[in-house]
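Visitor: coords below, sequence missing:
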């Protein structure tokens, strides 16, 4: 029965993983560093969507299911610079509209997401201008500017689409980690290994399988607690070897770090006393322990 279960789960997880691709639209470029998609709107002909105003840029991005770009991290502004440089006809572009404004007239610039602006905005108190912001593509400097481009000209802008990632559950106990594209939940109610596995399945997940040193590091720093053993998803099966609930031999998963390797049936992990990482061991399957479930994320 267990052999059939792990084979079914292996197929299911493989199909979920295969659905993740770095694609949004053919006219958007994926940038791995920021895990987002970007598109430069650049119109020199005047024949497509009018780009003469901040508002038209905002609406154009919204129509594409994206948002008007502004740099959320220190170096993200360089994405806009590279996009502009990649367009041969954009040689004269010096600045672009970004998603920062004071359209609500509160006297303070905010982002399109409603957050205060943490970077300085030059000339924010300059009289006689509208309350929109542009960004110098050579430096990333933000400047208060008119919400309309000068007559006869257009001002480019960039749309940004952040991949919508969510844990496929309303259970708030699951926490998403971008680095592994998994959601984890620590179930503190102690159960035997079989009940732990059943609980994870009922929640739409599976007992955790650690698949890389980097994943082990994340678990060590952000998920597990010192002094606690947790059931995870491997068990002794054929020829007395350990197999994961995803159908693979444990030694082929990408992470196998034993402490004593006691010859019990069911897998556990725990955090070392000197905090040098996660160790694996085994436990009697009928003993009750807390456990960790994982889920693959769902991409909307």
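Guide: Received, thanks. Bear in mind that the values here come from a model prediction, so they are computed numbers and not experimental data. Numbers count the residues shown, from 1 in each chain.
Visitor: from residue 246, how far out is the residue minimising distance to the centre of the chain?
Guide: The chain has residue 178 as the residue nearest its centroid, 3.8 Å off, counting by C-alpha atoms, centre = their mean. According to C-beta to C-beta, to the nearest Å, residue 178 and residue 246 sit 21 Å apart. Any C-beta I mention is one placed from the backbone N, CA and C, and that applies to glycine too.
Visitor: do the same with residue 255
Guide: Going from residue 255 to residue 246 by C-beta to C-beta gives 13 Å.
Visitor: likewise residue 231?
Guide: Relative to residue 246, residue 231 is positioned 15 Å away (C-beta to C-beta).
Visitor: more neighbours: those two, which one.
Guide: residue 231 (31 against 20; other C-beta atoms under 10 Å).
Visitor: not counting sequence-adjacent ones, nearest residue to the more buried one?
Guide: Leaving aside its sequence neighbours, residue 231 sits nearest to residue 291 (C-beta to C-beta, 6 or more residues apart in numbering; 3.8 Å).
Visitor: wasn't the one you found part of a strand?
Guide: Yes: Residue 291 forms part of a strand when assessed by DSSP: H, G, I helix; E, B strand; the rest coil.
Visitor: for it, name its beta-bridge partners.
Guide: residue 187, residue 231 (DSSP bridges).
Visitor: was I right to think it contacts residue 196?
Guide: Yes: if you go by C-beta atoms under 8 Å, residue 291 and residue 196 touch, sitting 3.9 Å apart.
Visitor: which parts of the chain are helices?
Guide: 2-18, 54-63, 77-85, 193-202, 213-222 (DSSP state H).
Visitor: if you average pLDDT over each of these, which is lowest?
Guide: Mean pLDDT values for these show the minimum at helix 2-18, a mean of 41.
Visitor: quick one, strands of the stretch 1-150 of the chain?
Guide: Using DSSP state E, counting those that start in this stretch, the strands of the stretch 1-150 of the chain run over residues 29-31, 36-41, 67-68, 95-101, 110-111, 121-122, 132-136, 142-145.
Visitor: mind putting the ones you listed in JSON lines, distance to residue 226 and mean neighbour count included?
Guide: Listed next are these as JSON lines, based on distance: least, C-beta to C-beta, whole Å; neighbours: other C-beta atoms under 10 Å:
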{"stretch": "strand 29-31", "distance to residue 226": "37", "mean neighbour count": "16"}
{"stretch": "strand 36-41", "distance to residue 226": "35", "mean neighbour count": "22"}
{"stretch": "strand 67-68", "distance to residue 226": "41", "mean neighbour count": "21"}
{"stretch": "strand 95-101", "distance to residue 226": "43", "mean neighbour count": "25"}
{"stretch": "strand 110-111", "distance to residue 226": "39", "mean neighbour count": "17"}
{"stretch": "strand 121-122", "distance to residue 226": "45", "mean neighbour count": "16"}
{"stretch": "strand 132-136", "distance to residue 226": "45", "mean neighbour count": "24"}
{"stretch": "strand 142-145", "distance to residue 226": "44", "mean neighbour count": "21"}
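Visitor: now these as a markdown table including distance to residue 186?
Guide: Listed next are those as a markdown table, based on distance: least, C-beta to C-beta, whole Å:
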| stretch | distance to residue 186 |
| --- | --- |
| strand 29-31 | 32 |
| strand 36-41 | 30 |
| strand 67-68 | 34 |
| strand 95-101 | 37 |
| strand 110-111 | 34 |
| strand 121-122 | 43 |
| strand 132-136 | 42 |
| strand 142-145 | 42 |
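Visitor: quick one: buried residues of stretch 263-270?
Guide: Buried residues in stretch 263-270, counted by 16 or more other C-beta atoms under 10 Å: 264, 266, 267, 268, 269, 270.
Visitor: cool, stretch 180-196 as well?
Guide: Buried-residue list, stretch 180-196, by 16+ other C-beta under 10 Å: 180, 182, 183, 184, 185, 186, 187, 191, 192, 193, 196.
Visitor: domain map for the chain?
Guide: 29-162, 168-299 (automatic domain parsing).
Visitor: between those domains, which gets nearest to residue 23?
Guide: Of all these, domain 29-162 sits nearest to residue 23, with 7.2 Å by C-beta to C-beta.
Visitor: and that closest one, end to end?
Guide: Using C-alpha to C-alpha, to the nearest Å, one end of domain 29-162 lies 12 Å from the other.
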